[in-house]
Every structure is written in C-alpha cells, then in structure tokens.
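S.K.: no FASTA, just this:
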Ligand code: G6P
C-alpha cells in the first residue's frame, strides 16, 4: 500500500499533489489548434444546447461547492440563469424544470444516491441532463443524456481534493463552450480565458511548492477549537469548502461565510484569538471586491481575530491586517478557486495529521454515499 501512495504518508497528500495533473488532464484534448473548444463528446445536439434558458447544478458535499464556483463563471460567460442545489433538497421541493432546462450533475463517484435520484427526476420532467463525473461508466453518467468526464484519476481518500479541482475545470470548459456556441459577445475573451486555464496547473504547482508555510501554521494551530473562513464572490464557496475540509478531517468546528454577511451575524463570533481565514479577491479584479474584503479583514482584526489571509502575490494592502499571509500566483478572478482552495486543503490535512487522525478515512464518513 505504501507504494501506491508514491512515498506520501496518505492518499490525501498524494492526491493534493496530483492536482496540477488532474487539471491538465481534464483540459487535455478539448481544444483544437485554433484555440476553439471541441466538446463533441457531450452528444447533446448543439442546437438544443443553444435553446437552454436555465441551468440547475445538482450535487452533494464538495461537489456542490464546485457547482457554486461554476455558477459565477457560467452566468457571467453565458448569461444563462444558473441555480445550484443540493440534490436531496431539489428532489423534494417540486422544482420547475422543462425541456429547455439543462441539469448539470456533478459527482466524483457517479454513484451518490441523492444525485442519481435527482437526475432521474429531472429527466422524467423532460430536462436535458449532463453529468460531470470522475468515474467512467458509473450510474449517473449512464443515466444522463451527456457526460463530461473529469480526468483526475481514481480518488481514494474520502475527502475530495483533486476531483474538486477537476470538477471546477470541467465546469469552466462547459461554461466557455456554451458561451462559444451561443456566440456571446466576448469570443476573444474566451480564447484568453482558455489560455489562462492552461496556465493554472503550473500555478497550482507553485502553491504546492510553498506548502511548508501553511503546514507549519497548521501544526501550530492544532489545538484550535473553532476556525472561521470568509470569502466573497467565488471565494465564498472556497471558504465553505475550506471549512468542510477542516470539519471532515480534523473534527474541528468550522464555518464558511460570505464576507458581505459579516455584519449580519458572524462578526458576533469574533473574540480575541479567534482564527479566521480570509480568501481575498485579486486587487486587479472588477467591482472593487478587493477593497471590500480588505475592510472586512480590518474589522475582524480590530476585534481580536487571528487573521490568516490567502491573497494574490504582490497584494501588499493585506499585510498590515494579517497575522499570516499566504500568497498565490496572479490569475483571473473567476479562475482563482483552482488556486485558493489548495492551501485550505493542505491546512486541514496537515492539522488533522498533527492531531494523529487518519486523513484518508475520517470517522463516520464514506467515500460514496449510496443510500439516502
Ligand atoms: C461524500 C464524500 C465527499 C463527496 C460527496 C459527494 O460525502 O465523502 O468527498 O464530495 O460524497 O460525492 P460525489 O461522488 O457525488 O461527488
């Protein structure tokens, strides 16, 4: 078994380090020489895809956070209203779907019972169903109209890492493909984004090369009782995923919040020494989101929070209010989750290991939940 782990102490660590490859394999062979996306493998008539007027993403757990990241990108690129819903909530609420609804299910295993049942239900209502899945020939893709496989390779650790980045990558490809099909105004931008996407594996590697900083911090924080995570825009689902990883692996109370919600409740939790991770948007992004998040860091710092900031390299503005800054390479805002998630995975994994827990098999959890 040690050999299968390639010298890593756990499958999880191995899989975290396989992420550059999981992303590049998922991108591989899906663009032509001219930089145009080719997704013929979808087998849904492009004319039908052009008719889609609503997208619903269905998933559970970490896969649902990949869906939430995808929503920001798909709505921005395609101008198609996109909802993300937990499969088990969708099934029982009498949702509105019809022949022009595209259901995108996201599942690493392709066997999650709630997601399978939700897809079946949507199909019965006449929706088109497309599966983003990591397991060839599994049940969800077999029961869907179309499939876009993630090529992360088998994921053994219960807590999902490389499959998550591959799911986000596949969802971006799909979003850019739909934008291309529909002839949206920014065809030039699509080409640039694809080029940026192809640069992310190398940038993920840079994040991994700097992991010692985050591992040391995790070891130093191993007795933390509660850790909060704040993010805005695509950083919001990243914050929730960071919190989920910490709960799953280290059994520490953790919660992810939208930074804009701070004043509506979470700030009441801030007391002296409370650790808070903050995922900061690029200072070069639009809508001055950066300044808003920096002011959130200031607010919690003033109340005694121990702030741990994930920011883009060169972002000096955050230094003043951060106890720790972990820098990631510059990347367009919508693609940032492929980088900002990684230090949070490393943190949870290293902290759980420091506590002596089995990171591959956390208590009470299963890799694939095939019962309701
Ligand atoms: C379980 C796993 C998670 C996974 C979720 C959804 O809870 O422990 O890692 O995110 O199921 O699984 P799926 O295979 O549908 O992505």
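M.R.: Yes, it's here. Not measured: the values here are computed from a predicted model.
S.K.: Pull the number of nearby residues for residue 317.
M.R.: Number of residues near residue 317 (other CB atoms under 10 Å) recorded here: 15. Yep, even glycine has a C-beta here, placed from its N, CA and C like the rest.
S.K.: got it, and residue 141?
M.R.: 24.
S.K.: what sits against it?
M.R.: With contacts defined as CB atoms under 8 Å, 6 or more residues apart in numbering, the neighbours of residue 141 are 110, 131, 133, 135, 147, 149.
S.K.: How about the secondary structure of the first one?
M.R.: In this case it means residue 110. coil (DSSP: H, G, I helix; E, B strand; the rest coil).
S.K.: what does the one 10 residues further on give?
M.R.: When the structure is split into helix, strand and coil by three-state DSSP, residue 120 lands in helix.
S.K.: Any part of stretch 226-246 near the ligand?
M.R.: No: using CB under 6 Å from any ligand atom, stretch 226-246 stays clear of the ligand, coming no nearer than 8.4 Å.
S.K.: That stretch - what's its average pLDDT?
M.R.: Stretch 226-246 carries an average pLDDT of 98.
S.K.: start to end distance for stretch 361-372?
M.R.: With CA to CA, to the nearest Å applied, stretch 361-372 spans 21 Å between its terminal residues.
S.K.: Mind telling me what element residue 353 is part of?
M.R.: helix 337-354 (DSSP states H and E).
S.K.: other SSEs contacting that helix?
M.R.: Packing partners of helix 337-354 (3 or more CB pairs under 8 Å, 6 or more residues apart in numbering; DSSP states H and E): helix 11-17, helix 162-181, helix 187-209, helix 211-220, helix 235-250, strand 275-279, strand 306-312, strand 324-328.
S.K.: What parts of the stretch 1-150 of the chain come near the ligand?
M.R.: Residues of the stretch 1-150 of the chain lying close to the ligand (CB under 6 Å from any ligand atom) are 60-63, 107-109, 112, 115.
S.K.: mind checking the SS state of the residue of the stretch 151-300 of the chain found nearest the ligand?
M.R.: Nearest residue of the stretch 151-300 of the chain to the ligand (CB to the nearest ligand atom) works out as residue 160 at 3.7 Å. Going by three-state DSSP, the secondary structure assigned to residue 160 is coil.
S.K.: What residues does it make contact with?
M.R.: The contact partners of residue 160, by CB under 8 Å, 6+ apart, come to 61-63, 108.
S.K.: what mean pLDDT would you report for stretch 183-202?
M.R.: Mean predicted lDDT for stretch 183-202 stands at 88.
S.K.: for residue 37, phi and psi?
M.R.: phi -80, psi 130 (degrees, to the nearest 10).
S.K.: how far away is the nearest residue to it once chain neighbours are set aside from residue 186?
M.R.: Spatial nearest neighbour of residue 37, excluding adjacent residues (CB to CB, 6 or more residues apart in numbering): residue 177 at 4.6 Å. Distance check for residue 177 against residue 186: by CB to CB, to the nearest Å, it reads 14 Å.
S.K.: ok, back up a step: let me see the mean pLDDT of the helix holding residue 353.
M.R.: Averaged over helix 337-354, pLDDT sits at 98.
S.K.: Now do it against helix 211-220: the angle between them, please.
M.R.: Relative orientation of helix 337-354 versus helix 211-220 (axes from the mean of the first three to the mean of the last three CA atoms, to 10 degrees): 40 degrees.
S.K.: Is the ligand within reach of helix 337-354?
M.R.: No: Helix 337-354 does not reach the ligand (CB under 6 Å from any ligand atom); its nearest approach is 11.8 Å.
S.K.: Report the buried residues of that helix.
M.R.: 337-354 (16 or more other CB atoms under 10 Å).
S.K.: Which residues are in contact with residue 28?
M.R.: Contacts of residue 28 (CB under 8 Å, 6+ apart): residue 151.
S.K.: wait, I meant residue 248
M.R.: Neighbours of residue 248 in contact, by CB under 8 Å, 6+ apart: 158-159, 348, 362, 365.
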